[in-house]
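>>> Could you work out the structure for the sequence below:
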Amino acid sequence: MEKAHYRYTAAEYNATADFVTVDDDAFWSHARPALHLRLPLSGAEDGKFMDDWFLFDQGSSEYIYLLNSTRRTTPSWAGRDAPHPDGPLYKLKKYYAWDKRHKLIVDVPRSGDSAPQYIFIPELQRLIPGISGTSPAPGMFMLDRCET
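Residues are numbered from 1 along each chain as shown. Modelled structure (predicted):
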């Protein structure tokens, strides 16, 4: 899972997502995957992108929630209880994923899991125009490749 890369399905919008490993010993005894979103800003031909990072939480809920990282350059949970700046996509909350058989994945992503085929973040479509200055068609992230 940690080497999976995704592309946004609306062809005119070059957004990407990928999983990375977070090893934050202060909070977990094992490595956990985090989600990295990269969204092109208005004038993306200039190569300007906005990055944000998310960790996953489920608790006893049936939903998987995104937790905005406490750092802007890398995924981290450190200092979660201390004041920290919100990331640009802090309003993103829900995360849905499906495998290649289109079966909904109901568990929080874990290190070593198979990469989902599709990722859908419902609030993203509503936030993109205000953040990036573009209004792409609705879409989701589809698995593009897995590095070995």
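>>> Which other helices and strands does the helix or strand of the chain with the lowest mean pLDDT contact?
Every helix and strand of the chain was ranked by mean pLDDT, DSSP states H and E. The lowest is helix 124-132, at a mean of 79. Packing partners of helix 124-132 (3 or more CB pairs under 8 Å, 6 or more residues apart in numbering; DSSP states H and E): strand 32-40. Where C-beta positions appear, they are placed from N, C-alpha and C, glycine not excepted.
>>> From Ala97, how far off is the residue sitting nearest the centre point of the chain?
The residue lying closest to the centre of the chain (CA atoms, centre = their mean) is Leu35, at 3.5 Å. Applying CB to CB, to the nearest Å, the value for Leu35 to Ala97 is 10 Å.
>>> Give the intersection of the neighbour lists for the two.
Shared contacts of Leu35 and Ala97 (CB atoms under 8 Å, 6 or more residues apart in numbering): Pro109, Ile119.
>>> Now the element after the least confident helix or strand of the chain, going C-ward?
Going down the chain from helix 124-132, the next helix or strand is strand 141-146, by DSSP states H and E.
>>> Run the angle between that following strand and helix 124-132 for me.
80 degrees (axes from the mean of the first three to the mean of the last three CA atoms, to 10 degrees).
>>> CA-only coordinates of strand 141-146 in PDB, if you can.
Taking Å, rounded to 0.1, in the frame of the first residue of the first chain, the C-alpha atoms of strand 141-146 are listed here in PDB:
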ATOM      1  CA  PHE A 141      -8.700   8.900  -7.300                       C
ATOM      2  CA  MET A 142      -7.900   5.700  -9.300                       C
ATOM      3  CA  LEU A 143      -4.800   3.500  -8.800                       C
ATOM      4  CA  ASP A 144      -2.200   4.500 -11.300                       C
ATOM      5  CA  ARG A 145       0.700   2.400 -10.300                       C
ATOM      6  CA  CYS A 146       2.400   0.600  -7.300                       C
END
